[in-house]
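Q: Test case, fold it:
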Amino acid sequence: MVRSSSLLVLTALLASCAGKPPVVVEAAPPPPVAVAAAMPAGGMPGMVIPARLSDGGWPTPARGLAGDGAVWHLRAALNVAALVCRDDAATIVPAYNALLTGHKAALAGAETRYAAAWQAKGGDWRDAYDDAMTRAYNFYGQSFARAPFCAAAATTLADLATLPDDRLTAFADERLPLLDRPFADFFDAYAAWRGDAVAAPPATGAVTIAMAIPPAKPWLGIDPAVYRMP
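A: The predicted model follows:
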């Protein structure tokens, strides 16, 4: 009798289970794996890059420049390209020489007015003027952004070949930041590789930084002092 009751209970349980759908247990997906940014070409562990500015950008020679300052710095950047762009020398060197010849008067006028603006600041303006432009030369001479910088310089010089003097200032205002861009792009990539957090830009206007005029023979290398702007 006891055995019969046990069989009845077991049969009832089996019948009850047979009427319910099976329970499917889904495993939680694995957490996303963070992929580290690659070291940019030309970078090396521990190298010094400038600190970001308060607007999230980088201190490059073109920041805050316009007019005569932009014209003279454009010439300086292209001068460096003529010195360091070995692979493109056959194109860049004659194009740079053509710039000096074709826009001689406009470049001389820009240099004179730009130097006068520095002189008007008073004090030992000549040393400050030369030091600042030496840092600009050093900036453009840094090798980690050489290939894209030389490409931008070659394009800029090609476009200057047929540019009239009265368009030179507007052209410099527009193109100088493009010559700075390869360096800023490298700093972005290196900061990402290093894992730097990017602060949100402030609501107010951007900070501007000016630089100055070149000495006759620049020092071309990686100089941390390039980032200490006047």
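
Q: residues of the longest helix along the chain that come out buried?
A: Using DSSP state H, we find that the single longest helix of the chain is helix 168-194. Buried residues in helix 168-194, defined by neighbour count with 16 or more other CB atoms under 10 Å: 168-169, 171-173, 175-176, 179-184, 186-191. Every residue, glycine included, has its C-beta placed from N, CA and C.

Q: need the helices for the chain, in chain order.
A: All helices of the chain, identified by DSSP H, fall at 2-18, 68-84, 89-102, 104-119, 125-141, 146-160, 168-194.

Q: Mind checking these for the one nearest to residue 61?
A: helix 125-141 (4.3 Å; CB to CB).

Q: Tell me what angle that closest one forms with helix 168-194.
A: Counting by axes from the mean of the first three to the mean of the last three CA atoms, to 10 degrees, helix 125-141 lies at 60 degrees to helix 168-194.

Q: hmm, back to that, which of the helices of the chain is buried the deepest?
A: Greatest average neighbour count among the helices of the chain goes to helix 68-84 (a mean of 24), per mean count of other CB atoms under 10 Å.

Q: Would you mind extracting the C-alpha trace of that helix into PDB?
A: Provided in PDB are the C-alpha atoms of helix 68-84 (Å, rounded to 0.1, in the frame of the first residue of the first chain):
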ATOM      1  CA  ASP A  68      52.200  89.700 -40.500                       C
ATOM      2  CA  GLY A  69      53.000  87.200 -37.800                       C
ATOM      3  CA  ALA A  70      51.200  84.400 -39.700                       C
ATOM      4  CA  VAL A  71      53.100  85.300 -43.000                       C
ATOM      5  CA  TRP A  72      56.500  85.300 -41.300                       C
ATOM      6  CA  HIS A  73      55.800  82.100 -39.400                       C
ATOM      7  CA  LEU A  74      54.600  80.400 -42.600                       C
ATOM      8  CA  ARG A  75      57.900  81.300 -44.200                       C
ATOM      9  CA  ALA A  76      59.700  79.900 -41.200                       C
ATOM     10  CA  ALA A  77      57.800  76.600 -41.300                       C
ATOM     11  CA  LEU A  78      58.500  76.300 -45.000                       C
ATOM     12  CA  ASN A  79      62.200  77.100 -44.500                       C
ATOM     13  CA  VAL A  80      62.400  74.200 -42.000                       C
ATOM     14  CA  ALA A  81      60.700  72.000 -44.600                       C
ATOM     15  CA  ALA A  82      63.300  72.900 -47.200                       C
ATOM     16  CA  LEU A  83      66.000  71.900 -44.600                       C
ATOM     17  CA  VAL A  84      64.600  68.700 -43.300                       C
END
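
Q: so what secondary structure elements neighbour it?
A: When contacts are defined as 3 or more CB pairs under 8 Å, 6 or more residues apart in numbering; DSSP states H and E, helix 68-84 packs onto helix 89-102, helix 104-119, helix 125-141, helix 146-160, helix 168-194.

Q: For my notes, please list these in a markdown table and give distance to residue 78 for each entry.
A: Formatted as a markdown table, the helices and strands packed on helix 68-84 follow (distance: least, CB to CB, whole Å):
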| stretch | distance to residue 78 |
| --- | --- |
| helix 89-102 | 5 |
| helix 104-119 | 11 |
| helix 125-141 | 9 |
| helix 146-160 | 6 |
| helix 168-194 | 8 |
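
Q: Dump the ones you listed into CSV; add distance to residue 45 and mean pLDDT as well.
A: Output for those, formatted as CSV (distance: least, CB to CB, whole Å; pLDDT from 0 to 100):
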stretch, distance to residue 45, mean pLDDT
helix 89-102, 32, 95
helix 104-119, 39, 95
helix 125-141, 22, 92
helix 146-160, 20, 96
helix 168-194, 9, 94
